[in-house]
Every structure is written in C-alpha cells, then in structure tokens.
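Colleague: no sequence on this one, just coordinates:
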C-alpha cells in the first residue's frame, strides 16, 4: 500500500500534476517495485494463505463444537469475503499488466 501511495503521486489526475513528467524515472521505478511487490504478495503468497484459511474454515463448519455452531454465519461470511478478495486479486493483476504495457509503450 505504501508503494502504491507513492506511485499515485505521479498520476496527473489523482496526484501532483507534472510530477510524473518531472521525474519519469522515479515513476517507472516505483511502478516496477509496486508490480513486483504485488506479484509476490498477491499472486504467490495470497493463494497459500487463502488455502489454509478455507481449509480451517471448512473444518470449523464441519465441527460439532458449540463455539463453531454459534459462529457459522460469520464463518460463511468470512469465506465469501475471502473468495471476493481472491477475485479482486486477479482483476488487479490484470490491471497492473495492462498499465505496465501502456507505460512501456510510452517509453519506447
């Protein structure tokens, strides 16, 4: 998030007008650092965390423990939110790829 906040400053529409033109290399470097960090955290680490979260949630839902039974609604909500966030990871990765292609074409 911190890298994205820094990168957003270089956007003429949402950041400081002209900053990207004044420091084009900094904009590109931050963009690449953000893309690499995103791929590591969101496309490599996220699936593992999601797998274990879903596995644990499914085990809790199958359990006859009174604590699990009283929290079934919350567990289902958390599973739904995790699935939605997983879809967002894929969409955001697509946006990053498209944006990186556009930025590389601008530089050529």
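Modeller: All right, it came through fine. Bear in mind the structure is a predicted one, so any value in this text is a computation, not a measurement.
Colleague: So which bits of the longest helix seen in the chain are buried?
Modeller: In terms of residue count, the longest helix belonging to the chain (DSSP state H) is helix 72-107. Across helix 72-107, burial judged by 16 or more other CB atoms under 10 Å covers 89, 96, 103. Using the backbone N, CA and C atoms, a C-beta is placed for each residue, glycine as well.
Colleague: what's it packed up against?
Modeller: helix 24-38, helix 46-62 (3 or more CB pairs under 8 Å, 6 or more residues apart in numbering; DSSP states H and E).
Colleague: which stretch in those helices has the least confidence?
Modeller: Lowest mean pLDDT of the helices and strands packed on helix 72-107: helix 24-38, a mean of 90.
Colleague: Not counting its own residues, what contacts that helix?
Modeller: By CB atoms under 8 Å, 6 or more residues apart in numbering, the surrounding residues in contact with helix 24-38 are 3-4, 6-7, 10, 19-20, 92-93, 96, 99-100, 103, 107.
Colleague: State the pair within these that is farthest apart.
Modeller: Maximum pairwise distance among those (CB to CB): 25.7 Å, between 19 and 93.
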